[in-house]
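Student: sharing a sequence plus its predicted fold:
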Amino acid sequence: MDQSVAIQETLAEGESCTIAVECVSLLNDVRDSKLIGLVRQNKEHALFIYSHRRMAITGEDVTLGQIIPISYDFSVVEVSSPDELAVVGADTRVRVTFLEEELELKLPFGSHTRLFLSEVNRAWSDVCQQYPKEEPKFDWLTKYRKVSKGARSLRKSIGATTVKMSQMKKAERAHTANSSALKKEDESARGDALQSQEKVKGEVKDDLIRNSQPVLSNKAQMLGMPQFGLRDNLIKCELLKNEDAYTYIENYSFFLGTYNVNGQTPKESLSPWLASTASPPDFYLIGFQELDLSKEAFLFNDTPKEPEWMLAVYKGLHPDAKYALVKLVRLVGIMLLFYVKAEHAPHISEVEAETVGTGVMGRMGNKGAVSIRFQFHNSDICVVNSHLAAHTEEFERRNQDFKDICRRIQFRQEDPTLPPLTILKHNIVLWLGDLNYRISDLEVDHVKDLISKKDFETLHTYDQLKRQMDEEVVFVGFTEGEIDFQPTYKYDTGSDQWDTSEKCRVPAWCDRILWRGKSIKQLHYQSHMTLKTSDHKPVSSLLEIGIKVVNEESYKRTFEEIVRQIDRLENDCIPSVSLSEREFHFQDVKFMQHQARTVTVHNDGQVPCQFEFIQKLDEPAYCKPWLTANPAKGFLAQGASVDIDLEVFVNRHTAPELNAGLQQLEDILVLHLERGKDYFISITGSYLPSCFGSSLSALCLLREPIQDMPLESIRELSVKSNSPVIDSADKPQEIPKEIWMMVDHLFRYAKKQEDLFQQPGLRSEFEEIRDCLDTGCLDTLPGSNHSVAEALLLFLDALPEPVIPFSFYQQCLDCCSDSSHCRQIISMLPQCHKNVFNYLTAFLQELLRHSAYNRLDVNVVAPIFAGLLLRSPDKQDINEKRKVKEFFQHFLVQTSSDRDIHEKSPE
Amino acid sequence: MTTAPYNYSYIFKYIIIGDMGVGKSCLLHQFTEKKFMADCPHTIGVEFGTRIIEVSGQKVKLQIWDTAGQERFRAVTRSYYRGAAGALMVYDITRRSTYNHLSSWLTDARNLTNPNTVIILIGNKADLEAQRDVTYEEAKQFAEENGLLFLEASAKTGENVEDAFLEAAKKIYQNIQDGSLDLNAAESGVQHKPTAPQGGRLSSDAQPQKEGCSC
């Protein structure tokens, strides 16, 4: 029932009606129906109060009366009246104050009113926050004031005895009254902010813990994205499904009554109708139609007959109980009152009311329905009072009215994310009213004859409603009790005589009561002939309805079981896999040798999973540099498997520490499942030491092949080689024998080899050479000249400290252009490094003498060896490379001092 | 009727530590499934379980990491201490060696978690009284000297298992309430997830929900 559209049409451009609500203004006990809208222009708000006729549909239906700017002096306070019994569902009374004017309004109970008030409070809060630095001017209201200058203004209360408070006090009071609402809004806003903030923090936290960035496939995304509110919905669904486990049925009596009063005022007691039951009913739901037939009621939806009939009903209720009015709702002449035994009021909640017109143009209120819905204990109940289209031949129109009412009456739910609730969505639907279905296909005399014989069974077969229900075109799923009373229409007003007018209408059961739902038993269904006020007779039905009541203890047990089930489901949905092996040992790993094993990962869990090897605490990668897992991450569908290759490969970066015994081939891989478990895979290996990756000083101390030495001895020698003090008993060799073997081989067989050092050797031959050097099993190196040459280069590259140690690097670059200075630096190298350098340069000079055959020259040799002998501790830039080359070139030119070394070499 | 709030307000991260074979995984299984796992294989890796409990009227979701206790995995499992709000340090009352190693586990816990982490000492296999190797009083004293909560429990019978997890959660919640645990710290192990604002009017009878976070 949103009438803001009508208000919107009266506004200028740039102004909008946020929300509108119909209300009753109270002034000296005079009730005046008003339409009040919250209008916004830029950042300013005002309340526009309109008079209106009928249901406001267009701008022409409303007339602007009063404008109340929402400024600092504005306030809206909820007040309670001692006249009304305060129960759940009572209408809201508010007092609107602006400067010296006060206006008391009665707003209908419901979420719409709450929304309206919260919007008004928010608008006022905005003004207060900006006070006093910024104050609204309301310039846009000027044009409306001119138009409404002649409008009737509110008369001040003459009988007011309250002394007007000062503005300051009023502001204080208003602030106090609104502070709780403000606080709630703040808490709500803060909660929302906190929630989104915590979500972000949670994500950050997960990153800190996992420190991984999985690449999600579509399936993983579906599973990985936490559904907002999914858990809530699961629990609600399970609670609904298991409702029988924690609720029991308790019967309550509902008195339903319907009376078309033909625009009359009450003249007689309603007790014969309302108090006709032996014991007082628990609930009264009383519907009236044609409360007021005047044009005023139709046009302005206002009638003095409402309080008159309301009072008559109240007086007619069963005298043996105390009743509270929960709700009254009216549309023109259609009114529904909802009374409950006072003791049941605390168990009523979620009361909402709604109206819909199906009259003129399908929308006017001369026909239509009013409806109240509420929750009583654990049952949802909806009561509809309808007045359907008149005239015998219009039964199809009545059917359509019914469908329209079912479709258009929509109750707003407290949870705004839920769609509106329609009539048929309720556990229990109680439908009463002047449904206007007639008796057709019978002559009036025949009908009256059957009535006089009380043959209602036969007569009922000609009833339109029965026939339409049998054909299932209307009121499908509804039940009506057996009719054993005579037709309720049409009588001469004030009598029990059938209509004696010239129309001489056929008697009919226009007034009906039906229901839909479980656990409903009708105790009586009757008309009340003693009431003669109208041309209809009132009808009543006493229903015994089984209401679902919650057993708190059972509910708690059921709830906890459901939560536990969801926890179990959540745990079952934690990804899980099985591994073919958890421990892998790599035997006799050698330098530059690949060894690989395979681990099969099988997804035996209940969900697909995203897996990834993750790094451990304080480690730069998920595994040691000599180890590789491939693939290191991936996706596994349920029941799928993947083979992961684990490969061990020791190169020049990792060999030194392994040779020196500072590192072992040991690692633990952590296989992580996204949102799930972690699995540890143990990797161990035995490494065979190699001269490749060993230091020159250590090798000079080795008199045997490295693999013939015990590991402890190798480690001792590695430590000893760092010591400047050398025991005379362990006099080191001048150069490592391994270098000697390779260079000697090349000297003997490769001096004239074409493209020496420029063509790669064979990997398999390299491995043989490596084994020969490390084990000393052969006197002659196997393999081709190119393989031996490449082995020499790899050896130099693998030295943990290059031939020219890192500490000399910068000096060499600084004096690269000064030949004598370069030689001076070489003379300062540690002894074995100096020996190796001189030995290699002498060898290279010899090769250069045979350049006619091997096609080597200084420009070819220098870049190759300079980069190996003089390595940068960091990355080299192009300028440094040039200097390194320049430095080394000095030593490729033969000098007289080198001649002696040359002559000594062939020995 | 007013239904209980379905969703949780906090997430607490727990880690279970202790020697191999003391029953860490069985404790977790008993807590989440209310069943005893008789043939429990050694945990090689880190298991993960969740459950929602109620602490002082608040729903709390526990995220529980059950670690491998073997010595060779010690270095790797240290990764999982970070961000734990609670630590269950478990020993086997029938094997004194598992009790003797507690000092080492405690050192790891103290070094690798934040100062506000609640550590509870659990003596498991309390149903095997005849084979008891560590007295209650001795362990109780160790716990008191080190500022730990302490309970003997049995994953087999379920005795005190629920209480073990609940006691630690109560302590964590208490730390949140008195402000000694900073929810904004990334590694506090606690995530605050405020309940979405309920629709409708606040009943005057209902106690306003106390905010656990002051920011």
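Tutor: That came through fine.
Student: who's in contact with residue A:436?
Tutor: A:387, A:388, A:389, A:390, A:391, A:394, A:398, A:510 (CB atoms under 8 Å, 6 or more residues apart in numbering or on different chains). Where C-beta positions appear, they are placed from N, C-alpha and C, glycine not excepted.
Student: how about 6 Å then?
Tutor: Contacts for residue A:436 (CB atoms under 6 Å, 6 or more residues apart in numbering or on different chains) come out as A:388, A:390, A:398, A:510.
Student: which of the residues in the helix or strand encompassing residue A:786 are buried?
Tutor: Under the criterion of DSSP states H and E, residue A:786 resides in helix A:785-798. Using 16 or more other CB atoms under 10 Å in any protein chain shown as the test for burial, helix A:785-798 gives A:785-796, A:798.
Student: now do the buried residues in whichever helix or strand comes after it.
Tutor: Counting by DSSP H and E, the next helix or strand C-terminal to helix A:785-798 is helix A:809-814. Within helix A:809-814, the residues that count as buried by 16+ other CB under 10 Å are A:809, A:811, A:812, A:813.
Student: again, but for stretch A:640-657
Tutor: A:644, A:646, A:648, A:649, A:650, A:651, A:652, A:654, A:655, A:656.
Student: which one of the residues you listed is nearest residue A:251?
Tutor: Looking at these and their distance to residue A:251, the nearest is residue A:644, at 67.0 Å (CB to CB).
Student: please pull out the lowest mean pLDDT helix or strand from the chain.
Tutor: Picked chain A for this. None of the helices or strands of chain A scores lower by mean pLDDT, DSSP states H and E than helix A:218-224, at a mean of 34.
Student: not what I meant, chain B
Tutor: Within chain B, no helix or strand scores below strand B:190-192, which has a mean of 70 by mean pLDDT, DSSP H and E.
Student: quick one on the thing from earlier: give me the subset of the contacts of residue A:436 touching chain B.
Tutor: When CB under 6 Å from any CB of the partner chain is applied, no member of these is adjacent to chain B.
Student: among those, show me the least confident.
Tutor: By pLDDT, residue A:390 ranks lowest within the contacts of residue A:436, coming in at 89.
Student: measure the spatially closest residue to that residue that is not a sequence neighbour to chain B for me?
Tutor: Nearest residue to residue A:390, sequence neighbours excluded (CB to CB, 6 or more residues apart in numbering or on different chains): residue A:436, at 5.3 Å. According to CB to the nearest CB, to the nearest Å, residue A:436 and chain B sit 38 Å apart.
Student: and for residue A:716?
Tutor: Residue A:716 is 28 Å from chain B, by CB to the nearest CB.
Student: gap between that residue and residue A:709?
Tutor: Noted for residue A:716: a distance of 10 Å to residue A:709, by CB to CB, to the nearest Å.
Student: ditto for residue A:354
Tutor: With CB to CB as the criterion, residue A:354 and residue A:709 are 96 Å apart.
Student: what does the longest helix along chain B rub up against?
Tutor: Longest among the helix segments of chain B by residue count, using DSSP state H, is helix B:161-177. With CB under 6 Å, 6+ apart as the test, helix B:161-177 has contacts from B:12, B:27, B:30-31, B:55-56, B:60, B:85-86, B:116, B:118, B:120, B:122, B:149, B:151, B:153, B:181, B:212.
Student: of the residues you listed, buried ones?
Tutor: Buried, going by 16+ other CB under 10 Å: B:12, B:27, B:30-31, B:55, B:60, B:85-86, B:116, B:118, B:120, B:122, B:149, B:151, B:153, B:181, B:212, out of those.
Student: my guess is residue A:892 contacts residue A:858. True?
Tutor: Yes: in terms of CB atoms under 6 Å, residue A:892 counts as a neighbour of residue A:858; the distance is 5.1 Å.
Student: the two - which one has more neighbours?
Tutor: residue A:892 (18 against 15; other CB atoms under 10 Å in any protein chain shown).
Student: check contacts around that one.
Tutor: When contacts are counted by CB under 6 Å, 6+ apart, residue A:892 touches residue A:858.
Student: report pLDDT for it.
Tutor: Per-residue confidence for residue A:892 comes out at a pLDDT of 83.
Student: format the buried residues of helix A:809-814 as JSON lines; extra columns: distance to residue A:274 and pLDDT.
Tutor: As requested, the buried residues of helix A:809-814 are exported to JSON lines (distance: CB to CB, whole Å; pLDDT from 0 to 100):
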{"residue": "A:809", "distance to residue A:274": "109", "pLDDT": "89"}
{"residue": "A:811", "distance to residue A:274": "115", "pLDDT": "83"}
{"residue": "A:812", "distance to residue A:274": "115", "pLDDT": "90"}
{"residue": "A:813", "distance to residue A:274": "111", "pLDDT": "84"}
